[in-house]
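J.: need a structure here:
(chains A, B, C and D)
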Protein chains: 2
Amino acid sequence: MDARERLITSTQALLWERGYVGTSPKAIQQRAGVGQGSMYHHFAGKSDLALAAIQRCAEQIRAFAEDRLSGSGGAYERIESFLLNERDVLRGCQLGRLTQDPEIVANPDLHRPVDETFDWLRRRLATVLAEGQASGEFAPQLDPEDVAATIAGVMQGGYVLAKAAGSDEPYFCAIRGILGMLALQTIQARRALS
Amino acid sequence: MDARERLITSTQALLWERGYVGTSPKAIQQRAGVGQGSMYHHFAGKSDLALAAIQRCAEQIRAFAEDRLSGSGGAYERIESFLLNERDVLRGCQLGRLTQDPEIVANPDLHRPVDETFDWLRRRLATVLAEGQASGEFAPQLDPEDVAATIAGVMQGGYVLAKAAGSDEPYFCAIRGILGMLALQTIQARRALS
DNA sequence: GTCTATAATACGATAGAC
DNA sequence: GTCTATCGTATTATAGAC
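T.: Residues are numbered from 1 along each chain as shown, chains lettered A, B, ... in the order given. The predicted structure follows:
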């Protein structure tokens, strides 16, 4: 892996752990095993390097979500797979983390990929929910757009609760809660209840 | 308001906007209109002042939540009141914000009030949900602990989505989603469906 | 491409006058 | 209690040698 690539992956890791404000060029260089001259040769500065790292995060997150949400199985199963196959609960979401950073919010170039990725995720989840409705899996009362935001929200909020507790238990607790409610929206469950 | 009090409220505001890492003693002093000597007279340093500010945040959040959740009305109504009467969606949660800060997580004194407050909130929400179940308002299938984590999660995640979008729309979208699903858990709704 | 040297500014805290 | 002066370190870059 060349210096440019190592700089990007090191920046990704540090942004994830410490955010934009908490990440210094020096720390990036040390983690990448690269000198100052090299960094400023490949990138114009901290924000330029951060942009490359954020775009890389966005690509990876989309690829993971798309893999789970376009897999085989029903709409409920695919959403379940997306929410439960989370390996880094205590590290949280690479992009959700940046949302809290005032310097990211203030910089349109850095903010845009974050905004676009969450927008894409909400639309993608809404599509899956609408598919489930069309196939008769989910009740017609369910609003795909609202519930998509709820699912994306529970996931992001689950990370917050997990970090607060220092344990991934609250994340999976919150996910069990939403999945249980979603399961009760399925036609089968409603039929069993009546 | 004396200098000590102004220092605490200024620190609260800056922690909310910029987090612990992004908040400097100098910025606190300027916002409070207080000199360096005054700050170091009243507080041992940045972390000591942050502790006072975080404890104040925790008190205020508990007071707000308790006010909504112990009000009159049914369990659903009280939860709805808690989730919808949020005035500062784009500013997010004062404590949820700190969850992302590595220096908060690493410092047990600063981390404890954050942990305890979210723990309290989840238990308080679970109590309200269990009350609703006992009174026959909610279906017995609903797991109060799981759904409590879901509700706290949607709220925290809603802030994340709102900041990403630069609008409070995703927050209220996510809240509508969870409230809609919760409403369908009520006995009346299930009776109407069957 | 990568290195070292250097710079201007900010951070977090201490000292001591008043 | 509050002020100004000062300190040692870190930040974010630039310059120029190699």
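
J.: gap between A:L110 and B:C93?
T.: Using Cβ to Cβ, to the nearest Å, A:L110 is found at 22 Å from B:C93. Yep, even glycine has a C-beta here, placed from its N, CA and C like the rest.

J.: how about the longest helix seen in chain A and chain B, touching?
T.: Longest helix in chain A by number of residues, with DSSP state H as the criterion: helix A:108-134. Yes - using Cβ under 8 Å from any Cβ of the partner chain, we find that helix A:108-134 touches chain B at A:111, A:114-115, A:117-119, A:122.

J.: show the buried residues in these.
T.: A:111, A:114-115, A:117-118, A:122 (16 or more other Cβ atoms under 10 Å in any protein chain shown).

J.: which one of the residues of helix A:108-134 next to chain B sits closest to DNA strand D?
T.: A:H111 (17.5 Å; Cβ to the nearest atom of the strand).

J.: A:R123: neighbouring residues, count only.
T.: Residues lying near A:R123 (other Cβ atoms under 10 Å in any protein chain shown) number 12.

J.: do I have it right that it meets A:A148?
T.: Yes - taking contacts as Cβ atoms under 8 Å, A:R123 lies within contact range of A:A148: 7.4 Å.

J.: dump the one helix or strand A:I151 maps to to CSV, restricted to CA.
T.: Element membership for A:I151 (DSSP states H and E) is helix A:144-165. Output of helix A:144-165 as CSV, limited to C-alpha atoms (Å, rounded to 0.1, in the frame of the first residue of the first chain):
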residue,chain,number,x,y,z
PRO,A,144,-42.4,3.6,4.1
GLU,A,145,-40.6,7.0,4.4
ASP,A,146,-41.4,7.5,8.0
VAL,A,147,-40.4,4.0,9.0
ALA,A,148,-37.3,4.2,6.9
ALA,A,149,-36.2,7.3,8.9
THR,A,150,-37.1,5.4,12.1
ILE,A,151,-34.9,2.4,11.2
ALA,A,152,-32.0,4.6,10.2
GLY,A,153,-32.5,6.6,13.4
VAL,A,154,-32.7,3.6,15.7
MET,A,155,-29.4,2.4,14.2
GLN,A,156,-27.6,5.7,14.7
GLY,A,157,-29.2,6.2,18.2
GLY,A,158,-28.3,2.7,19.1
TYR,A,159,-24.6,3.6,18.6
VAL,A,160,-25.1,6.6,20.9
LEU,A,161,-26.7,4.5,23.7
ALA,A,162,-24.0,1.8,23.3
LYS,A,163,-21.2,4.4,23.6
ALA,A,164,-22.9,6.0,26.6
ALA,A,165,-23.1,2.5,28.3
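
J.: nice, that's everything, thank you.
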